[in-house]
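Visitor: sequence first, predicted model second:
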2 protein chains.
Amino acid sequence: MNNGTIKRTSEFSQALLNSFNPEPDVRTEEWFELHQFKNGQTIYRQGNTPLGVFYIKSGKVKFTRETDDGSRHIIRIGAEGDFLGYEDILLERRYSNTVEAWGDVSLFFIPRKEFMDVLDKDIKTARRFSQMLSENLLETEQRLIGFAHKPVRGRLADALLSLSNYFKKNNAPVSISLTRYELANMIGTASETVVRMLSEFRDEKLITTERKGIRILDEKGLARATEMYN
Amino acid sequence: MNNGTIKRTSEFSQALLNSFNPEPDVRTEEWFELHQFKNGQTIYRQGNTPLGVFYIKSGKVKFTRETDDGSRHIIRIGAEGDFLGYEDILLERRYSNTVEAWGDVSLFFIPRKEFMDVLDKDIKTARRFSQMLSENLLETEQRLIGFAHKPVRGRLADALLSLSNYFKKNNAPVSISLTRYELANMIGTASETVVRMLSEFRDEKLITTERKGIRILDEKGLARATEMYN
DNA sequence: ACAAGATGCTGACATAAATCATCCAATTAC
DNA sequence: GTAATTGGATGATTTATGTCAGCATCTTGT
């Protein structure tokens, strides 16, 4: 364990902390490789052996998983401050998702060994990762309940609200730019149904739909639309 | 930090390791309180402040979550060797689920502070918990895809196979004893639909349905029934 | 032992959502 | 600049599943 690695470790921890308190820390670049991806480029692919984890410095990514029958499903999206691929590293298995850039993305690459070293040395960072995992798990379970028990209308409203959270910077209302097909894939329905539901929301003045994207007008109203269970 | 706590710590780690390699370790009882629950009794309740985590020594439990509209949803089940409630402890928030005994259950209670002490002291145990969380997350994501894209028939087949895994001891075929209503709740459908699908499976000689429970006859055949996506 | 309440099952009917077929508008390719 | 492709929108129809109603069987409490 040389001095370089120790420094890197602390930088990595710093990067992690930044993910919770997003203060820019330029020094991180001195220690970790910065990679740039363009829209649609694959960051890693399901089934490949993980070489390390990524930390999103800026931009958004799309997690997809391919099922036995060959179809691909959008699982979730990742944004600035998120770490990618650490679940598979922890479990020492191949990547269980494909992650691709959604717009321009820049991320740090942390090699497997260094990542593990940090977790072994720095209890606080290890704790943070457990917390991220827990949070993710509880949220995914919540989504699961929604998928099981909400009609399409409610699931779509949920998706829009959650997406707008990811997209918004300093609470400016931000337009969500996905194709109807992608939205449909995310909530498990047909794109025609999404089109119809979006029109419904538009007619109810909850959103606007322009070519460049969907914009939420009435957050409260949309939240009300999510509340329906069977 | 006295000697007692150190011993307890190592016992706890031992209990954890047992969860992966289920060798009985009677000494654990010397260090942690053993609690007994009868069918239907609540182990902890959603919204309450967590006092610690539980480790299932024997028996099964049912995780449920209540949504805003007041309905309860079965999220998953837990069995021998599982830990309960650690996600909420890690996140320092109130319990996000209710857990109740499903049949006779005996579990160890590990107070919050001791649990955290172990995670701080014992890297290996901390790592195990991260792995459990990762595994759980990936599996829940997989279920999410199924809920989004599989018709009821496929979801039911999935549930039956997964339940039979939980229920089976030393690969004896084990009967699954849930009400149709509970099964329906788990996969997000109506109990009548479950009844019909089960009849379908019975007619196809994939399962038997007696009063005391469902028994899987043809695992391969059921697995084929899970394979259908939209 | 009996009543009362669950639980399981089946049929008839209603409905949300999928599918199929077009069409238009907007990008992208040539 | 025109053709080709992609994304968005709408209507007609079909289908899977939910809902409602009735009944039989089993379990539980007294």
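Guide: Great, that's in hand.
Visitor: tell me which residues form a beta bridge with the most centrally placed residue in chain A?
Guide: With distances taken as CA atoms, centre = their mean, A:Gly78 lies nearest the centre of chain A, 1.8 Å away. Taking DSSP bridges as the rule, A:Gly78 bridges to A:Val61.
Visitor: so it is in contact with A:Lys57, correct?
Guide: No: with contact defined as CB atoms under 8 Å, A:Gly78 does not count as touching A:Lys57 (12.0 Å). Where you see a C-beta, it was placed from the backbone N, CA and C, and this is true even at glycine.
Visitor: the longest helix belonging to chain A and chain B in contact?
Guide: Longest helix in chain A, counting residues (DSSP state H): helix A:123-149. Yes: in terms of CB under 8 Å from any CB of the partner chain, part of helix A:123-149 sits within range of chain B, namely A:123, A:126-127, A:129-131, A:133-138, A:140-145, A:147-149.
Visitor: residues of that helix that come out buried?
Guide: A:125-138, A:140-149 (16 or more other CB atoms under 10 Å in any protein chain shown).
Visitor: then stretch A:176-195?
Guide: By neighbour count with 16+ other CB under 10 Å, stretch A:176-195 contains the buried residues A:Ile176, A:Leu178, A:Arg180, A:Leu183, A:Ala184, A:Asn185, A:Met186, A:Ile187, A:Gly188, A:Thr189, A:Thr193, A:Val194.
Visitor: nearest to DNA strand D among those residues?
Guide: Among the buried residues of stretch A:176-195, A:Arg180 lies closest to DNA strand D (CB to the nearest atom of the strand), at 3.6 Å.
Visitor: just to revisit the earlier point, quick one: residues contacting the residue nearest to the centre of chain A.
Guide: By CB atoms under 8 Å, 6 or more residues apart in numbering or on different chains, the contact list for A:Gly78 reads A:Ile56, A:Lys60, A:Val61, A:Lys62, A:Phe63, A:Leu84, A:Val99.
Visitor: and it, how far from chain B?
Guide: Going from A:Gly78 to chain B by CB to the nearest CB, to the nearest Å gives 13 Å.
Visitor: which residue ranges form the helices in chain A?
Guide: Going by DSSP H, chain A shows helices at A:3-20, A:28-31, A:86-91, A:112-121, A:123-149, A:152-167, A:180-187, A:191-203, A:219-226.
Visitor: how about the ones you listed in JSON lines, adding distance to B:Phe109?
Guide: Conversion of the helices of chain A to JSON lines gives the following (distance: least, CB to CB, whole Å):
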{"stretch": "helix A:3-20", "distance to B:Phe109": "31"}
{"stretch": "helix A:28-31", "distance to B:Phe109": "42"}
{"stretch": "helix A:86-91", "distance to B:Phe109": "27"}
{"stretch": "helix A:112-121", "distance to B:Phe109": "28"}
{"stretch": "helix A:123-149", "distance to B:Phe109": "20"}
{"stretch": "helix A:152-167", "distance to B:Phe109": "36"}
{"stretch": "helix A:180-187", "distance to B:Phe109": "40"}
{"stretch": "helix A:191-203", "distance to B:Phe109": "47"}
{"stretch": "helix A:219-226", "distance to B:Phe109": "37"}
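Visitor: would you list these in JSON lines and tack on mean pLDDT?
Guide: Shown next, in JSON lines, are the helices of chain A (pLDDT from 0 to 100):
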{"stretch": "helix A:3-20", "mean pLDDT": "54"}
{"stretch": "helix A:28-31", "mean pLDDT": "53"}
{"stretch": "helix A:86-91", "mean pLDDT": "97"}
{"stretch": "helix A:112-121", "mean pLDDT": "88"}
{"stretch": "helix A:123-149", "mean pLDDT": "95"}
{"stretch": "helix A:152-167", "mean pLDDT": "92"}
{"stretch": "helix A:180-187", "mean pLDDT": "95"}
{"stretch": "helix A:191-203", "mean pLDDT": "95"}
{"stretch": "helix A:219-226", "mean pLDDT": "92"}
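Visitor: who wins for proximity to B:Leu198 among these?
Guide: helix A:123-149 (18.1 Å; CB to CB).
Visitor: show me what the longest helix of chain A is packed up against.
Guide: Applying 3 or more CB pairs under 8 Å, 6 or more residues apart in numbering or on different chains; DSSP states H and E, we find helix A:123-149 packed against helix A:3-20, helix A:112-121, helix A:152-167, strand B:52-66, strand B:72-79, helix B:86-91, helix B:112-121, helix B:123-149.
Visitor: please convert the ones you listed to TSV, extending it with distance to A:Ile74.
Guide: TSV is the format used below for the helices and strands packed on helix A:123-149 (distance: least, CB to CB, whole Å):
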stretch	distance to A:Ile74
helix A:3-20	22
helix A:112-121	26
helix A:152-167	10
strand B:52-66	24
strand B:72-79	22
helix B:86-91	24
helix B:112-121	33
helix B:123-149	9
